[in-house]
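> sequence first, predicted coordinates after that:
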Amino acid sequence: MKLQHLALGAINGATAQATLNLSEGLNAVSVLDSVTGEQLFDLVGHLVYGARIVRGIDPGSARTGYVDIASSLGRFRLERHAEQVDRGSFVEPRLSVAALDGHAARAETTRELLAGISPEVAARLFVMRSSSDAQLNWLLSEELAAELHELENRSPYEKSSAAPYQVGDDLFAERDALTHQIEMLLSDKRRSSEAMESALHELDRDSREAENQLAEQRRELDRVLAELAELETQFRYRELSDFVERETDEAHHAEQQPALLELDEQISKWRRTLAELEARDAAVRHRLSQLHPDDSSPLLPLADQRACVSIAQRLVADLDSEVARYARPTDSQACLCQHTHARLHPLVDTLGQQVAKLSHLVEQYEAAVEVEQLKSEAEHLARSQTALRGTIDQLLDRRQSRLRTSRVRRTDSEASQLPEDMQGLLAGLERRRGELNGKVVEAERHLADLATRRDRVRRDRAELLNDSSLTQLRERLESVNRRLEGGNEHSARSVRSVAPWRASDILAKLSDGRLREIRLSEHGRSTTVVNRQGNVVRQCDLNDVDRRLVCISLQLAAVAGTAEWGLELPLVVADPFAELPAAEASILTLVLHDWARSGHQVFLVTASRMVIDRLRSLGQPILGLETATQRPEVVQPVQRDEPKLTLHDADMFALDLQDSIGRFRVLGDDTSALFAEIGIDTLADLLAADAEQVSHSLDRTGISAEVVDLWQTHVAMMVYVPNLSLGEVQLLTGGGIQNLAQLAEADADELYAAIDQYLETPRGVRHRGLRPYLSLDAVQTWISDAQRYRHRWEGTPFALRTTRRAAANGSSSHRTRLNGRNGPSRRNGRSPANGKPHKKRTRPLKFRLSRTSPVVDAPSVGPKTAKRLGKLGIRTVADLLEADPAATAEALEVRHITAEKIVAWQHQAQLMCRVPELLVRDALVLVGCGFTTPEGIASADAADLYEFAKTYTATPEGTRALRGGDPPDLERANKWIYWAEHRRALEAA
């Protein structure tokens, strides 16, 4: 049985509200909301299988319509009317069946169309909706097993007595030829549709680029116009300024010129006087250099002169007495010359010497007096020169001041230079404006041309989908099928073309190889699943997603089995994707597409954008009620108020907390094994882990704490925010989003601009393939989804931890504002009263290492070193602390592991065992700075500790100890001291 045509509301001659022509493969119907999908799903299921599928829909609001089907019994129309039928426990719309090829429909027709299988079983087996535990238990029940066993024991198709025609080889040949023509035509149409779809995508991309280019050119044009207006304003201002200057310049210059000339004369006169003073000063100093008095003071030669005069006076007195002795009367004949010379000669010599000495002293005195006068004159000249220079400087300042206030007219070159430059700029900007205007007009013309081409491709595509030749071929094929009487042969040939589908194979596809095999247990009433590692997991131990995958696999396998036994019924799928993560939903879409290509008819109703986009990428045509032939709906009046419904698109989450870490393949095929070695099996374990510890435990090149933190951010966004793929999350983090709170509070325009800028960076080049899917509406949707699901993530430990870390690592300006409010005493995390750190905490302090921890958790001990230590019996941190460093280093026989390094390991491990909240890099830095005990850290001054750490981290060894992290600051030093004050004894660790 195949569905051919579906119409809504076309009952009793009423005009159809919408119609759909259905193919024999996959028919994907896109609906705007889940309520419309439920109504359409209920209509098809009720008509085809005779049983209500969606019990929650009010019978009064159920859609009316019909479905045309083709089977070996002929073509029939199944209709649902507005009249209601009381079924005892419930009320449902009335159904009817009518033959379209002249045969009479009987009461048993619906049973014959289902080949004897009960409508209740068909409605649950051939309808895929919610994969609940009840559906899984029913698939494993005795009721279904008995029904399938009975169907298997029958012949592929019991020949109906209603078949009135004789099968001929020519009809089979004609049917095969028509089928081949239809397949070839569909293949051509599919290729043409794919080409048109690719052309549409290319045109859309070109249109976006043209719009961006047009917007950029318009912005450039606005900038040029603004520069032109500003330059013209400056030019007019300069013209006015020049006019005023020219009018006032001459008069002002004439007024200032006499005063300037007078100042120049005074300056010249005083400069000449200064030159004369300088010449006199030079002469005085030259005379001083020539005079060399015995003493600089004239008083000393004066005393010598007085002594010399006294001696001369005595000599003169002696000479006078001697001369008196020789006095004689005029008439005396006595001779006095005998002894005169002897007596007078000494007196005369002595007197001559004293006179000479007195003369010399007089010369010295005169020289000393002259020196004193010259010195006094030199000092006076120096003072005069200083005063005169001050006068000259004052006159020069007055002259300079008058020159500054004087508006001397510019020269002709200066007056003409500036306007010429401004004219050049104006001309250049005018040329640029003309060029931009031309580019804008050309871009608008190109954009209009692209819009025209896009509309033409869409019309061609619509005409391609409504090709009359395909309709004629299908009508001819239906006519041949009606004439055929060999329904058994047709069914057998169709069934043989269908490849078998095993439940284990389907499950392996749906889980991407994570679950490999389904085994029946408890006499077929339960299942066990074998995972990738070979472990057997019971049905009750599977998570919700895995149980849904098992249910879907069993249902598809059962439908495939009925097709092999000759019962080919359409599979009706009603949006089972909302219950699955994005990855599994995408794989299920591929499986249904392959299922339809293998010969099954599938009727899929979905409101998921992701599923529709995935099918379009596979070249699958999408049917939509909004694109079908729309006619006005005849609304029947009702006597009661109906509830108002709020419609939302189905949200899908790419990941779940309970998913295996293998779903996040950051380390390739070895992701699960490598994370399992460090105790991380699920995504919840990854989010709960410390990034520093994960980086240290993985011990792989290039994987720092920042990289692990980025992984956690990617996983959190795909777990807590719906409809986000990994590529979109990478765009968000590239745009600066570091946690969920930032995404919820982001501004759409700023985030869009940041992501667009990120795509132009070297790191963003690898994501440029996502640019066609990036738009402002998409960014706004991501932000609104984060806001709508705030209740999912806001109170989680991961969200709280990342929010606190983002606040602590905020911008410098934000820290400055905080510091300005709190003052200097709180900037370093200490209270002003006692200088101790604040003790208020939101959670108890946590010790990150204990003596019973494996030795691989100790700082600086990686997995390789831990294996070497394990061979020596050192398996725990306590063993490492008690080991002898020298003996251990000698036993390890590793050149770079010395006794000193093992001592450092012991100090680091002891600090982490005794000091709470201490990270691995904290311990490495502290020990590297020489702080090996908690007591020493607690008694240290924060500023000194910070200086030690700053000096150490500047060295190559300190840089390696940071492991890619930021150097510690003063606040971190305060935390170390605070944590050390809350230390514990090593025995208690």
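That came through, no problem. Fair warning: this is a prediction, and the values are worked out from it, not measured in the lab. Numbering: from 1, shown residues only.

> and for Y758, the neighbour number?
18 (other C-beta atoms under 10 Å). (Each C-beta comes from the backbone N, C-alpha and C, glycine too.)

> again, but for E568
Residues contacting E568 under the criterion other C-beta under 10 Å number 23.

> could you do the one 10 residues further on as well?
Per other C-beta under 10 Å, the neighbour tally for A578 reads 18.

> ok, G424 next?
Neighbours of G424 under the rule other C-beta under 10 Å: 10.

> ditto for A754
18.

> after the strand or helix carrying it comes which helix or strand?
Using DSSP states H and E, the element containing A754 is helix 748-758. Per DSSP H and E, the first helix or strand lying C-terminal to helix 748-758 is helix 776-788.

> which positions in that next one come out as buried?
Neighbour-count burial for helix 776-788, counted by 16 or more other C-beta atoms under 10 Å, picks out 778-783, 785-786.

> how about those in CSV, adding pLDDT and distance to L724?
Formatted as CSV, these follow (pLDDT from 0 to 100; distance: C-beta to C-beta, whole Å):
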residue, pLDDT, distance to L724
A778, 85, 10
V779, 89, 12
Q780, 88, 14
T781, 88, 10
W782, 88, 7
I783, 91, 11
D785, 87, 8
A786, 88, 9
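
> name the nearest of those relative to L554.
Distance to L554 across the buried residues of helix 776-788 (C-beta to C-beta) is lowest for D785, with 33.1 Å.

> sorry, back to before: neighbouring contacts of the helix holding A754?
731-732, 734-737, 764, 767, 774-776, 779-780, 783 (C-beta atoms under 8 Å, 6 or more residues apart in numbering).

> show me just the buried residues among the residues you listed.
Using 16+ other C-beta under 10 Å, the buried ones in those are 731-732, 734-735, 737, 764, 767, 774, 779-780, 783.

> so for those residues, which is the shakiest by pLDDT?
Within these, H767 has the lowest pLDDT, namely 72.

> my guess is that one contacts G727, does it?
Yes - contact criterion C-beta atoms under 8 Å: H767 and G727 qualify, at 6.4 Å.

> which non-adjacent residue is nearest the residue nearest to the spatial centre of the chain?
Residue closest to the mean C-alpha point of the chain, counted by C-alpha atoms, centre = their mean, is T733 at 2.4 Å. Nearest-residue entry for T733: T713, 6.0 Å, with adjacent residues in sequence omitted and distances by C-beta to C-beta, 6 or more residues apart in numbering.

> distance check, the one you found against R314.
Applying C-beta to C-beta, to the nearest Å, the value for T713 to R314 is 122 Å.

> between those two, which one's more packed in?
Between T713 and R314, counting by other C-beta under 10 Å, T713 is the more crowded of the two (22 against 12).

> phi and psi next, for the more buried one.
Dihedral pair for T713: phi -60, psi -40, per degrees, to the nearest 10.

> just checking, it touches Q742?
No - assessed by C-beta under 8 Å, T713 is found out of contact with Q742, at 9.9 Å.

> domain assignment for the protein?
2-164+559-624, 171-280+434-465, 855-988 (automatic domain parsing).

> compare those and give me the one nearest R665.
Comparing the domains of the chain by C-beta to C-beta, domain 2-164+559-624 comes nearest, at 10.6 Å.

> so how far is that closest one off the chain centroid?
46 Å (C-alpha atoms, centre = their mean, to the nearest Å).

> top helix in the chain by residue count?
If you go by DSSP state H, the chain has its longest helix at helix 169-290.

> next structured bit after that one?
helix 299-325.

> for the helix or strand just after that next one, packing partners?
Downstream of helix 299-325, the next assigned helix or strand under DSSP H and E is helix 340-405. Using 3 or more C-beta pairs under 8 Å, 6 or more residues apart in numbering; DSSP states H and E as the contact test, the elements touching helix 340-405 are helix 169-290, helix 299-325.

> between these, which one is closest to L849.
Closest among the helices and strands packed on helix 340-405, using C-beta to C-beta: helix 169-290, at 54.2 Å.

> and the closest one with helix 748-758, angle?
Using axes from the mean of the first three to the mean of the last three C-alpha atoms, to 10 degrees, the direction of helix 169-290 lies 80 degrees away from that of helix 748-758.

> how far does helix 169-290 sit from its chain's centre?
32 Å.

> mean confidence score for it?
77.

> return the residues in contact with E227.
Counting by C-beta under 8 Å, 6+ apart, E227 touches L429.

> any idea how far it is from Q217?
Taking C-beta to C-beta, one finds E227 at 15 Å from Q217.

> ditto for R519
R519 sits 67 Å away from Q217, going by C-beta to C-beta.

> re earlier: and R616, which of the helices and strands packed on helix 340-405 is closest to it?
Ranking these by proximity to R616 (C-beta to C-beta) places helix 169-290 first, at 7.1 Å.

> got the angle for the closest one vs helix 340-405?
Using the same axes, to 10 degrees, helix 169-290 lies at 150 degrees relative to helix 340-405.

> coming back round to it: what about the helices and strands packed on helix 340-405, which gets the closest to A583?
Ranking these by proximity to A583 (C-beta to C-beta) places helix 169-290 first, at 23.9 Å.

> so A7 lies in a strand, does it not?
Yes - counting by DSSP: H, G, I helix; E, B strand; the rest coil, A7 falls inside a strand.

> enumerate every residue touching it.
By C-beta under 8 Å, 6+ apart, A7 lies in contact with 16, 18-20, 65-67.

> before we move on, back to that, including distance to T471, could the domains of the chain go into a markdown table?
Putting the domains of the chain into a markdown table (distance: least, C-beta to C-beta, whole Å) gives the following:
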| stretch | distance to T471 |
| --- | --- |
| domain 2-164+559-624 | 8 |
| domain 171-280+434-465 | 10 |
| domain 855-988 | 66 |
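
> where among those domains is the average confidence lowest?
Among these, domain 2-164+559-624 scores lowest, at a mean of 75.

> and the contacts of stretch 282-295?
With C-beta under 8 Å, 6+ apart, stretch 282-295 has contacts from 300-301, 364, 367-368, 370-371, 374-375, 377-378, 381.

> flag every buried residue along stretch 876-892.
Using 16+ other C-beta under 10 Å as the test for burial, stretch 876-892 gives 876-881, 883, 885, 888-889, 891-892.

> hang on, the earlier thing: chain center to the helix holding A754: distance?
With C-alpha atoms, centre = their mean, you get 10 Å for helix 748-758.

> quick check: which element contains the residue nearest to L872 when sequence neighbours are not counted?
Once flanking residues are discounted, L872 sits nearest to A891: 5.5 Å by C-beta to C-beta, 6+ apart. Element membership for A891, per DSSP H and E: helix 885-892.
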